[in-house]
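Asker: just to be clear, the model below is a prediction. Sequence and coordinates:
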Amino acid sequence: MQVVAFNLFGPVTMSKVYFRIVLKQKLNLEHPNTFNEKIQWYKLNYCPYNEDIILCSDKLRIREYLERKQLSKYAIPLIGFWDNAEEINWESLPKQFVLKANHGCAYNIICTNKDVFDKKKATKLLNRWIKEDFGRFNAEIHYSKIKPQIICERFLQDKNSTCLIDYKIHCFNGKPKFVLICSDREGNKADFDYYDLNWKKLNYSTTHEKSFEKPAAFDEMIHVAERIAADFPFVRVDFYNTVDGPLIGELTFVPAGGLDDTLLKDADIEIGKLLYLK
C-alpha cells in the first residue's frame, strides 16, 4: 500500500501524510522548525541530490567513502556480496555472520550458528528484499538510487556487553553535538538514552532511564565522526564498540525517516535549532 500511495501522490504528499499519522502534526516544509521537520526537508530537498549521501547510504559502497577519508579500519569487515541469494556459497561462510540488503533499513539477518541456520528461509527473505524499492516506503528517495545487493559482514561482539550497543553520534553542520545510546534492541523496539559530549545525561527521549559508562574509545569515535561530519549538513555516525575496537555500523542521514516519535516535544524543538538549512 505504501508503494502504491507513493506512486500515486509522490514523496512530498506522502511525507505530509506520514507526519500527520505518526506524529499527529502538520508538516511545515516552508519553515521547518523541529528536528523531525528539518529532517523531512533534508530528506526531500538535499539527500537525493548529494552523491556522497547516496554512496554512504549504500551499506556496501560506504566502504569506498571510508577509504577515501582514510577511515577504512572503522568499516565492518566484509565477507562477501552478491546480486541474489542463489549466488551465496553457504559452505564458505563462517559459523557466525550477518546478512543484509544494502539499500535500506532493517534488512538484517543474524546467524549465530550456521549449523542450525535456515538457509532456505534466508534465501527467500533476501530475494524478496532486493526486489523492493525501499525509498518508496517512507519517501526516502535517496535509497531508490542504490543498486540492491546482498552483503555478508562479520558477526560483531560488544566489548563490554552481551549484546551490541549502538553509539549514534549526531553531527550538525560539521560538528558532533550529542550521542544517542541505543540498547536492548528487539525487532523495532529499543531503549534510547542521550548524552552530551561531556557525558551529561540529556532528557530527550521518552525512554531515558538507564545509565551508561562512557566507553574508553568515545573520544576516538568523536574524532572520526567530526572528520565525516565535515562533508554533510547533518549526519549520524553510528558506532559499535566491539572487541576489535570501534566500528561504524552505518551513516544515517534521515533518522527514523524524520518521524521520530520517541523524542520529547521540547527536545524535538531544541535539536532542531542545531541544524541550519540553507
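Answerer: Received, thanks.

Asker: in this structure, which spans are helices?
Answerer: Using DSSP state H, the helices assigned to the chain run over residues 2-23, 35-45, 51-57, 62-68, 119-129, 218-229, 265-272.

Asker: and the second one, what does it pack against?
Answerer: In this structure, helix 35-45 makes packing contacts with helix 2-23, strand 234-242, helix 265-272, judged by 3 or more CB pairs under 8 Å, 6 or more residues apart in numbering; DSSP states H and E. The C-beta positions use only the backbone N, C-alpha and C, and glycine is treated the same way.

Asker: mean neighbour count and mean pLDDT added to the ones you listed, as CSV?
Answerer: Converted to CSV, the helices and strands packed on helix 35-45 look like this (neighbours: other CB atoms under 10 Å; pLDDT from 0 to 100):
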stretch, mean neighbour count, mean pLDDT
helix 2-23, 15, 92
strand 234-242, 22, 97
helix 265-272, 17, 98
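
Asker: got the ones you listed as TSV, with distance to residue 155 columns?
Answerer: Converted to TSV, the helices and strands packed on helix 35-45 look like this (distance: least, CB to CB, whole Å):
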stretch	distance to residue 155
helix 2-23	31
strand 234-242	10
helix 265-272	33
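
Asker: so which of those is nearest residue 69?
Answerer: Between residue 69 and these, the tightest spacing by CB to CB is seen for strand 234-242, at 11.4 Å.

Asker: compute the inter-axis angle for that closest one and helix 35-45.
Answerer: Counting by axes from the mean of the first three to the mean of the last three CA atoms, to 10 degrees, strand 234-242 lies at 110 degrees to helix 35-45.

Asker: hmm, back to that, any idea which of the helices and strands packed on helix 35-45 gets closest to residue 225?
Answerer: strand 234-242 (4.1 Å).

Asker: low pLDDT regions in the protein?
Answerer: 160-162, 186-188, 208 (pLDDT under 70).

Asker: figure out which of the helices of the chain is closest to residue 147.
Answerer: helix 51-57 (10.5 Å).

Asker: how far off centre is the closest one?
Answerer: What separates the centre of helix 51-57 from the centre of its chain is 12 Å, taken as CA atoms, centre = their mean, to the nearest Å.

Asker: now swap in stretch 177-186 and tell me
Answerer: Offset of stretch 177-186 from its chain centre (CA atoms, centre = their mean): 12 Å.

Asker: check stretch 126-136 too.
Answerer: Between the centre of stretch 126-136 and the centre of its host chain there is 17 Å, according to CA atoms, centre = their mean.

Asker: out of the helices and strands packed on helix 35-45, the one nearest residue 30 is which?
Answerer: helix 2-23 (11.6 Å).

Asker: re earlier: between the helices and strands packed on helix 35-45, which gets nearest to residue 215?
Answerer: Closest among the helices and strands packed on helix 35-45, using CB to CB: strand 234-242, at 4.7 Å.

Asker: if we can go back for a sec, Throw the helices of the chain into a markdown table and include distance to residue 97, thanks.
Answerer: Below are those laid out as a markdown table (distance: least, CB to CB, whole Å):
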| stretch | distance to residue 97 |
| --- | --- |
| helix 2-23 | 30 |
| helix 35-45 | 31 |
| helix 51-57 | 22 |
| helix 62-68 | 17 |
| helix 119-129 | 11 |
| helix 218-229 | 25 |
| helix 265-272 | 36 |
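
Asker: out of those, which is closest to residue 171?
Answerer: Comparing the helices of the chain by CB to CB, helix 218-229 comes nearest, at 3.4 Å.

Asker: between that closest one and strand 234-242, how big is the angle?
Answerer: Helix 218-229 and strand 234-242 meet at an angle of 150 degrees, taking the same axes, to 10 degrees as the criterion.

Asker: may I see the buried residues of helix 218-229?
Answerer: Buried residues in helix 218-229, counted by 16 or more other CB atoms under 10 Å: 218, 221-222, 224-225, 228-229.

Asker: for stretch 37-54, same thing?
Answerer: Buried residues in stretch 37-54 (16+ other CB under 10 Å): 37-44, 46-48, 50, 52-54.
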